[in-house]
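>>> no sequence for this one, just the structure:
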């Protein structure tokens, strides 16, 4: 089984203190065959944090690229250098400028907050119309898919984590038509999706996306799929990648995509 972890954060992200070299060693110890670092680069100028919370800083792109490129050249490990680009829909010129600035290997397209809203992880869903929030989310995620400036679209239906954690009953299948529209655009554009492992609990079957939606992507013609721990520390990197890879195979994929210089090749799983 070929195992990849293509969603890893380091001290260059606002929500991690992890050392990249230590994460490489952790991934290798867990049998990960290939990894790509994807530190946060949220492109919205308007803060996605409330006034009493320090705004999240923008990625130091040049420092990040220089450090990672030097580490790759001197460490003896072949790994990819990527980005998690957030909110392209809100500041497209800024997002495209960052993507064009260096010879990145891989870009995750993400949507962490709606325009003029706080990050989904900071919202109180007991005080919101959750179905309206998801309707707005899927509308902007569809626009993100159409922009087509990424390798894979990251953590589909991302807000579900926080809705579930707040104990709110929610039926995601009400948005299956919207999900299909998004996955169809991604497949038609020759791009992919990731299976995101953050917060995964084998007892709860809470991969994002789960088997149902990975199958839907495959049935709609999707060919490119990656797996990412969304790890922010050594323990999380590479964790449960085996279980996610098995699910991807069950959904009808015989390969995962390996990326370098934004070009996919395919490794049999």
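Nice, thanks for sending it over. Given the structure is predicted, the values throughout are model-derived calculations rather than measurements.
>>> who's in contact with the host helix or strand of residue 135?
Element membership for residue 135, per DSSP states H and E: helix 130-147. The set of residues external to helix 130-147 that reach it, using CB atoms under 8 Å, 6 or more residues apart in numbering, is 88-89, 92, 109, 111, 114-115, 120, 123, 125, 153, 156-159, 163, 168, 170, 172, 174-175, 178-179, 181-182, 185-186, 189, 191. C-beta: built from backbone N, CA, C; applies to glycine.
>>> okay, helices next: where are they in the stretch 101-250 of the chain?
Applying DSSP state H, counting those that start in this stretch to the stretch 101-250 of the chain gives helices spanning 130-147, 160-165, 176-188, 211-219, 241-250.
>>> show me the contact partners of the fourth one.
When you say that, I think you mean helix 211-219. Contacts of helix 211-219 (CB under 8 Å, 6+ apart): 156-157, 176, 179-180, 183, 186-187, 193, 195, 205, 209, 225, 247-248, 250-253.
>>> repeat that for 6 Å
Helix 211-219 is contacted from outside by 183, 193, 247, 251, 252, using CB atoms under 6 Å, 6 or more residues apart in numbering.
>>> quote the end-to-end distance of stretch 38-52.
28 Å (CA to CA, to the nearest Å).
>>> what comes up buried for it?
38, 39, 40, 41, 42, 43, 44, 48 (16 or more other CB atoms under 10 Å).
>>> and for stretch 22-31?
Counting neighbours by 16+ other CB under 10 Å, stretch 22-31 gives 23, 24, 26, 27, 30 as buried.
>>> re the thing from before, what about the contacts of helix 130-147, which are in strands?
Counted as lying in strands by DSSP state E, out of the contacts of helix 130-147, are 109, 153.
>>> pull out the buried residues from the contacts of helix 130-147.
Using 16+ other CB under 10 Å as the burial test, the contacts of helix 130-147 include 88-89, 109, 111, 114, 120, 123, 125, 153, 156-159, 163, 170, 172, 175, 178-179, 181-182, 185-186, 191 as buried.
>>> picking that back up, between the contacts of helix 211-219, which sits nearest residue 7?
Each of the contacts of helix 211-219 was checked against residue 7 using CB to CB; the closest is residue 193, at 11.7 Å.
>>> that closest one contacts residue 151, correct?
No - assessed by CB atoms under 6 Å, residue 193 is found out of contact with residue 151, at 10.1 Å.
>>> hmm, back to that, the helix holding residue 135 - what's its average pLDDT?
Helix 130-147 shows a mean pLDDT of 98 in the predicted model.
>>> quick one: work out the angle between it and helix 176-188.
Counting by axes from the mean of the first three to the mean of the last three CA atoms, to 10 degrees, helix 130-147 lies at 10 degrees to helix 176-188.
>>> okay if I get the buried residues of stretch 22-31 as JSON lines plus distance to residue 133 and pLDDT?
Output for the buried residues of stretch 22-31, formatted as JSON lines (distance: CB to CB, whole Å; pLDDT from 0 to 100):
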{"residue": "23", "distance to residue 133": "33", "pLDDT": "98"}
{"residue": "24", "distance to residue 133": "37", "pLDDT": "97"}
{"residue": "26", "distance to residue 133": "35", "pLDDT": "96"}
{"residue": "27", "distance to residue 133": "35", "pLDDT": "96"}
{"residue": "30", "distance to residue 133": "36", "pLDDT": "96"}
